[in-house]
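Student: just a sequence and a predicted model for now, questions to come.
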2 protein chains.
Amino acid sequence: MVSIIVDYNSKIPIYKQIRNEIIHNIAEGNLQNGDELPSLRSLAGTLQINYHTVNKAYGLMLNDNIIKLFKNKRFVISIPDNDDKSMASIREYAERFIDYATVKGLTKKEIIDIVNNIADQNKVKSVKN
Amino acid sequence: MVSIIVDYNSKIPIYKQIRNEIIHNIAEGNLQNGDELPSLRSLAGTLQINYHTVNKAYGLMLNDNIIKLFKNKRFVISIPDNDDKSMASIREYAERFIDYATVKGLTKKEIIDIVNNIADQNKVKSVKN
DNA sequence: CATCTGTTATATAAATTATAGAATGTTATA
DNA sequence: TATAACATTCTATAATTTATATAACAGATG
């Protein structure tokens, strides 16, 4: 069940929220390689926003090797197997989270528990392909 | 060894970078409860930026219960023991990281390894106070 | 062909980010 | 007490980012 929810009053720009929501749907297994995304205009209509805002969100994911644009003008989830470029981003996300949790006094066990808890809700592979 | 490094060309605003750097220093154990932060003007001078920008960074941390202002004079690291409000933020950071890592095909073990790796560089408590 | 699609261009408006200066009041200290 | 150092508040400005709006264009689809 794919759902894209945006908070129009959030401090996070809408186009970033859209990207986050789609990534979350992929992580949960609701979207996977080969699945088509809604067209710019249709998603814009659903969310009641301008389609350039959707285009900006898709642009982020194009640049991040998460989706591709096919000749038939459809955006499709397409994540390459080896994407070394992304490791730096992953570590940055991780550091931001762990630094903050550490500062707030969480123990290592508590941090790992949170990770396990969230990962278990995702379609995380248990082994490599 | 406290170090605050900002990238003036980053897409991340300077005031957020300052906050991130200070949080990183606390997580690493280079700064701890009771330590004084540089004055607005002195840090602004060091970083060659306007002191209002530093003020905005400190404002984020005041709002986030990481520092306090003593007697209208000095900003001091001051992190309360129980701060339930922060748990939501911590989980948001965690979700962003784990979603992205999941999408990029990392296994649960690999994700935990990254967490362990980063946590070991921090002064993470092994047990609660 | 008519429609839907993404692309590109231009334009506008609001909000955010960053800098700047000045006035004010507090604290510390010499 | 006088001074310096400090944070606070206010106003102002400029650049950038965010979001919307409209239009024209070309490829794909039915």
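Tutor: Nice, thanks for sending it over.

Student: drop to CA atoms for contacts and neighbour counts, all remaining ones
Tutor: Will do.

Student: enumerate the residues of chain A near DNA strand D.
Tutor: A:12-16, A:48-53, A:71-73 (CA under 7 Å from any atom of the strand).

Student: and if we set it to 10 Å?
Tutor: A:6-18, A:41, A:44-45, A:47-57, A:70-74 (CA under 10 Å from any atom of the strand).

Student: now, of these, which are buried?
Tutor: A:6, A:14-18, A:41, A:44, A:47, A:51, A:53-57, A:74 (16 or more other CA atoms under 10 Å in any protein chain shown).

Student: okay, now the unreliable bits of chain A?
Tutor: A:124-129 (pLDDT under 70).

Student: how about the residues of chain A by DNA strand C?
Tutor: So chain A meets DNA strand C at A:9-13, A:36-45, A:51-52, A:54-56, A:58-59, A:62, A:68-76 (CA under 10 Å from any atom of the strand).

Student: domains of chain A?
Tutor: A:14-77, A:85-121 (automatic domain parsing).

Student: just to revisit the earlier point, restricted to helices, list the buried ones among the residues of chain A next to DNA strand D.
Tutor: A:14-18, A:41, A:44, A:47, A:51, A:53-57 (DSSP state H).

Student: just name the closest of the residues you listed to B:Asp81, please.
Tutor: Nearest to B:Asp81 among those, counting by CA to CA, is A:Gln17 at 31.7 Å.

Student: what about the residue positioned nearest the centre of chain A, distance to chain B?
Tutor: Centroid-nearest residue in chain A, with CA atoms, centre = their mean: A:Ile23, separated by 2.0 Å. Per CA to the nearest CA, to the nearest Å, A:Ile23 is found 6 Å from chain B.

Student: neighbours of the nearest residue to A:Phe75 once chain neighbours are set aside, just the number please.
Tutor: Once flanking residues are discounted, A:Phe75 sits nearest to A:Leu69: 4.6 Å by CA to CA, 6 or more residues apart in numbering or on different chains. As a burial measure, A:Leu69 scores 15 neighbours (other CA atoms under 10 Å in any protein chain shown).

Student: got it, and A:Ile114?
Tutor: Residues near A:Ile114, counting by other CA under 10 Å: 16.

Student: any idea whether it is helix, strand or coil?
Tutor: Classification of A:Ile114 using DSSP: H, G, I helix; E, B strand; the rest coil returns helix.

Student: what's the single longest helix in chain A?
Tutor: Assignment by DSSP H gives helix A:85-103 as the longest helix of chain A.
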